[in-house]
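S.K.: pasting the sequence and the predicted coordinates here, then a few questions.
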Amino acid sequence: MNNSLLGSVLLLCKFHSVVAEVIQIGGVDRRRPEAADIKSKIISQHHNHIWGCGFCPDTVQRNNEEWYVAENVCSPSRGALLTGRYAIRSGLWQNKTEFRVIHPNCYGHMLDNEITLPELLQNKAGYATGMIGKWHLGYAYSRPTELPLAKGFEHFLGTPATHAESGGHYPAEPLFNGNNIVGRLTKDVPCNNLTIQYTHFAQEFIRNSTRANKPFFLYAAFDNTHTPVYASPRFQGKSRRGPFGDATMELDWAVGELLNTLREEKVENNTLIWFSSDNGAWVASFVRPKDGASPGMFTGEWPKNPVNAHLNGGRTYIDTGKGSTWEGGHRVPGMAYWPTVIKPGQLVEDVVSSLDIYPTVAHLAGVPMPSGRKYDGTNISPLLKTGEQNPAPHDFFYYYATLPTYPHSRINAVRYKQYKVHFQTRSGFLKEPMVIHNPPLVFDVENDPFERETIKPPPGVIEIATEARKKQDESVKATVPQFDLVNYKCMNCHGLPAQDSKCCQEEKGICLPRLRCSA
């Protein structure tokens, strides 16, 4: 039985599109650099509700202005969050292909030797562990060892990837309860019913855990604001932001329902709730304003300006969000809530990231970190409790490129103090080639988070960032790049009969049904 200060953990992970909504509702429209007060703080008082009211800006206990996610697309970001390690350490990278996530043609997965946060809490502190929503760390090609139940979760209702990969030339995405398929999206499970199903499943998990007198870890990975966005009928057409606003409104309802369940079970006061996105906002060229979405607030202005084209391979581009190592790919809202511990209405300006969740929760749960591996996150519990931590949690943050290997390094940029040093840049969705910058581009992203103008940094900044990048590269032991494990002739049919199963023999005995599924 867990006897630490921390009782339970509710980890809420939302998809990219939520970024712009949260910040705009906060009172400052930071999508437009010229309209933004960069240092404005969303300060609040402690109300009875935190969410469940349209992301009320006056109810969040701990806001972070410089919260980063470790990676800029789905699979590696989720792997880093659950391990406290940059994704390249757990095999979630590629060397040959340009696929940057696990998809139906890929039979790779997070490496088996990783010890996930739910696995640690379950084995060392007796936590009940559950997950809802999008997994995206293994497609389960007839191998349940790739699903959440093999990675530390006892309960799971969700999909191997996102609803966006259901239909078309892909087979219908399966909905799993545990290791069993209970339906297929768009066939017998309408997407617009998913958020309700996930919420009810999570509520039952909380009730069962607390009534069994067990602390719990719940990872709620809702996906309704991932394109194509969806909402249940009761929320359709109800917001002022179109389909995206409707989906966000339903997300808000779902979070409010989970919080109400915590209160009903009288465990709210010893439950740490953490809210984040898995990567930055959708890139500008893919955003449809009529849906109510936006490319987010960190707009990456420098590569858009024709004046800079001669330093950018002779071109300009606008896609500086998801998938890029501009701020828009990594920098997202981060919110924490713990009524008896975190003082409400505070803003943290230290650089922290999703990598810090693992070591922080382990510390608060009284569980030692596993040995024999390098962790990139650090315990930030002092920062959560007081708003200060000395020394600062991190000297550096590394912006990894989830792309094939380049001659120099997979680290595109390094954050050091308020300075961001770009060694190489590329747009979010690979429409332009990588540009190597020598000398590197340097921005003061504390005062210019939109990366509008480069600066001449103080002496030593570029040299310090260069040495840090080199040492970080040297700290990474070679792993098999899981995103390279692709067979374009085969696809995961998730139990559907394959028209031709010859390729079951093609990948060293691993059964991968052929691309075309019979249903």
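M.R.: On my side now, so go ahead. Numbering: from 1, shown residues only.

S.K.: contact partners of stretch 234-241?
M.R.: 21, 192, 243, 245-250, 253, 292-293 (CB atoms under 8 Å, 6 or more residues apart in numbering). Backbone N, C-alpha and C define where each C-beta goes, glycine included.

S.K.: go again using 7 Å as the cut-off
M.R.: 245-246, 248-250, 292 (CB atoms under 7 Å, 6 or more residues apart in numbering).

S.K.: identify the farthest-apart pair in the residues you listed.
M.R.: Across the contacts of stretch 234-241, no pair lies farther apart than E250 and G292, at 13.2 Å, counting by CB to CB.

S.K.: count residues in the vicinity of K374, would you?
M.R.: For K374, the neighbour count with other CB atoms under 10 Å is 12.

S.K.: ok, now which ones touch L147?
M.R.: With contact taken as CB under 7 Å, 6+ apart, L147 is in contact with 135, 138, 140, 156, 176, 179.

S.K.: circling back: can I get the contacts of stretch 234-241 in TSV including distance to L364?
M.R.: Below are the contacts of stretch 234-241 laid out as TSV (distance: CB to CB, whole Å):
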residue	distance to L364
G245	35
D246	36
T248	30
M249	32
E250	31
G292	37
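
S.K.: using pLDDT, spot the least trustworthy of those residues.
M.R.: Ranked by pLDDT, the contacts of stretch 234-241 bottom out at G292, which has 75.

S.K.: where exactly do the helices run in the stretch 51-200 of the chain?
M.R.: For the stretch 51-200 of the chain, the helices defined by DSSP state H, counting those that start in this stretch cover 74-83, 117-125, 194-211.

S.K.: deepest in the core, which of the ones you listed is it.
M.R.: Most buried of those by mean neighbour count (mean count of other CB atoms under 10 Å) is helix 74-83; its value is a mean of 29.

S.K.: I'd like to know how far the residue lying closest to R373 once chain neighbours are set aside sits from D356.
M.R.: The shortest distance from R373 to any non-neighbouring residue, by CB to CB, 6 or more residues apart in numbering, is to R85 (7.1 Å). R85 sits 12 Å away from D356, going by CB to CB, to the nearest Å.

S.K.: between the two, which has more neighbouring residues?
M.R.: Comparing R85 with D356 by other CB under 10 Å, the one with more neighbours is D356, at 28 against 23.

S.K.: and the more buried one, what does it touch?
M.R.: Going by CB under 7 Å, 6+ apart, D356 touches 377-378, 380, 393.

S.K.: can you tell me how far it sits from G292?
M.R.: In this view, D356 and G292 are 32 Å apart by CB to CB.

S.K.: cool, and T360?
M.R.: T360 sits at a distance of 34 Å from G292 (criterion: CB to CB).

S.K.: show me which of those two is the more surrounded one.
M.R.: T360 (26 against 21).

S.K.: quick check: buried residues in the strand or helix carrying that one?
M.R.: Using DSSP states H and E, T360 falls within helix 357-364. Buried residues in helix 357-364, counted by 16 or more other CB atoms under 10 Å: 357-364.

S.K.: likewise for stretch 454-472?
M.R.: For stretch 454-472, burial by neighbour count (16+ other CB under 10 Å) applies to 454, 457, 461-462, 464-465, 468-469, 472.

S.K.: now stretch 370-389
M.R.: 370, 375-381, 383-384, 389.

S.K.: and of the residues you listed, the nearest to Y400?
M.R.: The closest of those to Y400 turns out to be D376 (CB to CB; 10.3 Å).

S.K.: contacting residues around that closest one?
M.R.: 84-86, 355.

S.K.: how does it look with 10 Å?
M.R.: For D376, the contact set (CB atoms under 10 Å, 6 or more residues apart in numbering) comprises 70, 80, 83-87, 89, 353, 355-356, 358-359, 394, 396-398, 472, 475-476.

S.K.: quick check, L441 in a helix?
M.R.: No: per DSSP: H, G, I helix; E, B strand; the rest coil, L441 lies outside any helix segment and is strand.

S.K.: would JSON lines of the helices of the stretch 51-200 of the chain with distance to N224 and mean pLDDT be doable?
M.R.: Formatted as JSON lines, these follow (distance: least, CB to CB, whole Å; pLDDT from 0 to 100):
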{"stretch": "helix 74-83", "distance to N224": "15", "mean pLDDT": "94"}
{"stretch": "helix 117-125", "distance to N224": "23", "mean pLDDT": "97"}
{"stretch": "helix 194-211", "distance to N224": "5", "mean pLDDT": "96"}
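
S.K.: okay if I get these as a markdown table plus distance to T186?
M.R.: A markdown table is the format used below for the helices of the stretch 51-200 of the chain (distance: least, CB to CB, whole Å):
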| stretch | distance to T186 |
| --- | --- |
| helix 74-83 | 20 |
| helix 117-125 | 29 |
| helix 194-211 | 11 |
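
S.K.: helix/strand/coil for the residue nearest to V442 when sequence neighbours are not counted?
M.R.: In space, V442 comes closest to P457 once its chain neighbours are excluded; the distance is 4.6 Å by CB to CB, 6+ apart. Classification of P457 using three-state DSSP returns coil.
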